[in-house]
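> take a look and give me a structure for this.
(one chain, ligands or ions: 1)
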Amino acid sequence: MSDNRGSFTSRIGFVLAAAGSAVGLGNIWRFPYLAAKNGGGIFLLIYIILVLTVGIALMTAEITIGRKTGLSVCSAFKKLNKKWAFVGVLGAIVPAIILPYYSVIGGWVLKYLVAFCEGFGAETAEDGFFGGFISSSASPLFWYIIFIGLVTIIIVYGVQKGIERASKILMPLLVILTIIVAIYSIFLPGAGAGLVYYLKPDFANLSWSGVLNAMSQMFYSLSLAMGIMITYGSYVQKKENIETAVTHIALFDTAIAFLAGLMIIPAVFSFMGPEALNAGPGLMFITLPKVFNSMTGGDFIGAVFFILVFFAALTSAISLMEAVVASFQDEFNFSRTKAIIATLIICVVLGVPSSMGNGAWSGFLIMGMDFLSFCDYISNNIMMPVVAVLTCVFVGYVIKPQAIVEEVELSNTFKKKKLFELSIKFFAPVCIFIILVSQFV
Ligand code: PFF
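This is a model prediction of the structure:
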C-alpha cells in the first residue's frame with residue numbers, strides 16, 4: 001500500500017486521526033474496570049507516571065520510525081535493519097488478536113445502544129441483566145456479527161473520510177457528555193467513598209499485578225507496541241512537530257480514561273458497594289445503566305452516551321482492521337479482497353469463542369481464563385510488552401536514539417531530547433522487562 005500513500009493535510013488532522021485510534025473502548029470500558037480492581041488511586045498514579053515516561057517515549061519512537069521510513073510496521077523494521085524484521089512481524093500479529101474480541105465488546109455496546117434507543121434502559125439496569133445477556137449464545141453473537149459487519153463495510157467501501165468527519169463532531173461531544181455524567185456520579189449518595197478510592201493513592205493497595213495491568217493498559221490505550229503508530233507516522237509530513245503532537249494525543253487519551261473512571265467508580269460505591277469493584281470486564285455495562293436509570297431523562301442520555309461510545313469503538317476497530325488487512329497485503333502480497341477475507345476468517349476463529357466463552361462454552365478455559373480474557377491477556381500482558389522492550393532496545397542500541405532525534409528535529413528542536421534518550425535506553429526497557437518477567441516468578 002506504500003504506492004499510494006497520502007499524508008495528513010493538517011496537524012489537527014493527524015492528531016485527530018491518531019486520537020481516534022487511541023480513544024476507544026480501552027478508555028471507557030477497560031480503564032475503569034482495571035482501576036476499580038487494582039486499587040483505584042494507586043493504579044491511576046502509576047498509570048499516569050507510565051504514560052509520561054514510557055508511553056510518550058515509545059509513541060515518539062514509533063511515529064518517528066513511521067515518518068522516517070514512510071512504511072507500515074513490518075516493512076519499516078525490515079528497511080531499518082533486516083535482522084530486526086521479526087519485531088515488525090510480532091507487532092503486526094497483535095491487532096489480529098485484539099480485533100476479534102474488541103468487536104465482541106463493540107457488539108455489547110451496540111446491544112445497549114439499541115436497548116436505550118428503544119426505551120428499555122431501565123431493564124438493562126436490573127441486576128443480572130448483563131450476566132444474562134453475555135451468557136446467552138445467540139444475542140451477543142448476533143451483535144458481534146453486526147459490529148464486525150459494519151467495520152468491514154467501512155473498510156471495503158473506504159468511507160473512512162465520512163467517519164473521520166463524523167468523529168470530529170462526536171469525539172468532543174463524548175468528552176462533554178462524559179464530564180456531565182462524571183459530575184452527576186460524584187454527587188450520588190454514597191459516592192464520596194468512591195471518589196476517595198479513585199483519587200487518593202493508597203500504597204496498601206499496591207500490587208505487582210496492578211502495575212502490570214497499568215502498563216498493559218497504557219500500551220493498549222495509546223495503541224502502542226502493535227505497529228499502529230508506525231503506520232500512522234508514515235503519513236505524517238516532514239514539517240510536522242512530532243513532539244507536541246505526541247504530547248497532545250497522550251494527554252487527551254489519558255484525560256478521557258480519567259473521566260471514564262470518574263464516571264464509573266463513584267457510582268459503583270453508590271449503587272453497589274466496594275464488593276462490586278472486582279466485577280471485571282462487565283463493570284461499565286453493569287454500573288452505567290444504573291446511573292442513567294437514576295437520572296431524569298436517563299433513557300435519552302444513555303442512548304446518546306452509547307451512540308458516542310459506539311463511534312469511539314468503531315473508529316478504533318477500523319484502525320485495527322485496517323492494520324491487519326494492510327499487513328496481509330504488504331507481507332503476503334494479497335489483493336485487498338483476499339486480505340479482507342483472511343482477516344474475517346481470523347475474526348470467526350477468534351471472535352466466536354470470545355463471544356461464546358461467557359455462555360455455552362464457559363467450561364472451555366485456558367490458563368483459568370475464558371477465551372476473551374485469554375486473548376486480552378496474551379496480546380496486552382505478554383505480546384505488547386515484548387514488542388515494546390524490543391522496540392526500545394532497537395531504538396536505544398541498534399539504530400540509536402540520535403536517529404530518532406534527527407528525524408524529529410527536521411521540523412523543530414526536540415525539547416525533551418534528554419528525557420527521551422534516558423527513557424528509551426534505560427527506564428522504559430528495564431521497567432517493562434522487570435514487570436514482564438515478574439509475572440512468571
Ligand atoms: N487504543 C484503543 C482503545 O483504547 O480502545 C484500542 C486500539 C485501537 C488499539 C486501535 C490498537 C488499535 F490499532
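> sketch out the low-pLDDT regions of this protein for me.
1-13, 159-160, 162-163 (pLDDT under 70).
> what residues does stretch 80-92 touch?
65, 68-69, 73-78, 225-227, 230, 323-324, 327, 331, 383, 386-387, 390-391, 394, 398-399 (CB atoms under 8 Å, 6 or more residues apart in numbering). From N, CA and C alone the C-beta is placed, and that goes for glycine too.
> show residues contacting stretch 110-120.
So stretch 110-120 is in contact with 121, 123-124, 133, 139-140, 143, 146-147, 285, 289, 292, 299, 302-303, 305-307, 309-310, going by CB under 8 Å, 6+ apart.
> buried among those residues? Need that as a selection in ChimeraX.
This is the ChimeraX syntax for the buried subset of these, where burial follows 16 or more other CB atoms under 10 Å:
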select :121,124,133,139,140,143,146,147,285,289,292,299,302,303,305,306,307,309,310
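> mark which of the contacts of stretch 110-120 are part of helices, please.
Residues of those located in helices (DSSP state H): 121, 123-124, 133, 139-140, 143, 146-147, 285, 289, 292, 299, 302-303, 305-307, 309-310.
> need the residues of the stretch 1-150 of the chain near the ligand, please.
Residues of the stretch 1-150 of the chain that fall close to the ligand, judged by CB under 6 Å from any ligand atom: 21-22, 24-27, 95.
> and the residue of the chain closest to the ligand?
With CB to the nearest ligand atom as the measure, Gly26 is the residue of the chain nearest to the ligand, at 2.1 Å.
> that residue touches Phe219, doesn't it?
No. Counting by CB atoms under 8 Å, Gly26 sits too far from Phe219 to count as a contact (9.5 Å).
> now the helices for the stretch 51-200 of the chain?
Here the stretch 51-200 of the chain has its helices, by DSSP state H, counting those that start in this stretch, at 56-69, 73-80, 85-117, 121-124, 129-135, 138-157, 160-186, 192-199.
> list just the one of those that sits closest to Ala339.
Smallest distance to Ala339 across the helices of the stretch 51-200 of the chain (CB to CB): 9.6 Å, for helix 138-157.
> hmm, who's touching the closest one?
Contacts of helix 138-157 (CB under 8 Å, 6+ apart): 100, 103-104, 106-111, 133-134, 159-160, 163, 313-314, 317-318, 321-322, 325, 340, 344, 347, 351-352, 355-356, 358-359.
> could you rerun that using 7 Å?
103-104, 106-108, 110-111, 133-134, 160, 163, 314, 317-318, 321-322, 325, 340, 344, 347, 351-352, 355 (CB atoms under 7 Å, 6 or more residues apart in numbering).
> kindly report the same for stretch 295-304.
Against stretch 295-304 from outside (CB under 7 Å, 6+ apart): 113, 116-117, 119, 121, 177, 184, 289, 292.
> CA atoms only: put that stretch into CSV for me.
Below are the C-alpha coordinates for stretch 295-304, written out as CSV (Å, rounded to 0.1, in the frame of the first residue of the first chain):
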residue,chain,number,x,y,z
MET,A,295,-31.3,10.4,36.1
THR,A,296,-34.2,12.4,34.8
GLY,A,297,-34.2,11.8,31.1
GLY,A,298,-31.8,8.9,31.6
ASP,A,299,-33.1,6.9,28.7
PHE,A,300,-32.2,9.7,26.3
ILE,A,301,-28.8,10.5,28.0
GLY,A,302,-28.0,6.8,28.0
ALA,A,303,-28.9,6.4,24.3
VAL,A,304,-26.7,9.4,23.4
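> which SSE is the spatially closest residue to Pro401 that is not a sequence neighbour in?
Leaving aside its chain neighbours, Pro401 sits nearest to Glu421 (4.5 Å; criterion: CB to CB, 6 or more residues apart in numbering). Using DSSP states H and E, Glu421 falls within helix 417-422.
> got the phi and psi for Tyr235?
Dihedral angles of Tyr235 (phi, psi; degrees, to the nearest 10) stand at phi -100, psi 0.
> neighbours around it, how many?
The burial count assigned to Tyr235 is 20, neighbours taken as other CB atoms under 10 Å.
> likewise the one 10 residues further on?
The burial count assigned to Ala245 is 22, neighbours taken as other CB under 10 Å.
> so what's the residue of the chain closest to the ligand closest to, chain neighbours aside?
Ser221 (4.1 Å).
> now for Asn205, how many residues are close by?
Neighbour count for Asn205, taken as other CB under 10 Å: 14.
> for Ile46, same thing?
21.
> ok so it is a helix residue?
Yes. The assignment for Ile46 is a helix, going by DSSP: H, G, I helix; E, B strand; the rest coil.
> quick check: it touching Leu212?
No. The criterion here is CB atoms under 7 Å, and Ile46 misses it with Leu212 at 10.1 Å.
> returning to that earlier point: can you redo the helices of the stretch 51-200 of the chain as TSV with distance to Phe252?
Shown next, in TSV, are the helices of the stretch 51-200 of the chain (distance: least, CB to CB, whole Å):
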stretch	distance to Phe252
helix 56-69	12
helix 73-80	23
helix 85-117	20
helix 121-124	29
helix 129-135	29
helix 138-157	23
helix 160-186	9
helix 192-199	20
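> so which of the ones you listed is the most packed in?
helix 56-69 (a mean of 26; mean count of other CB atoms under 10 Å).
> so how far is it off the chain centroid?
18 Å (CA atoms, centre = their mean, to the nearest Å).
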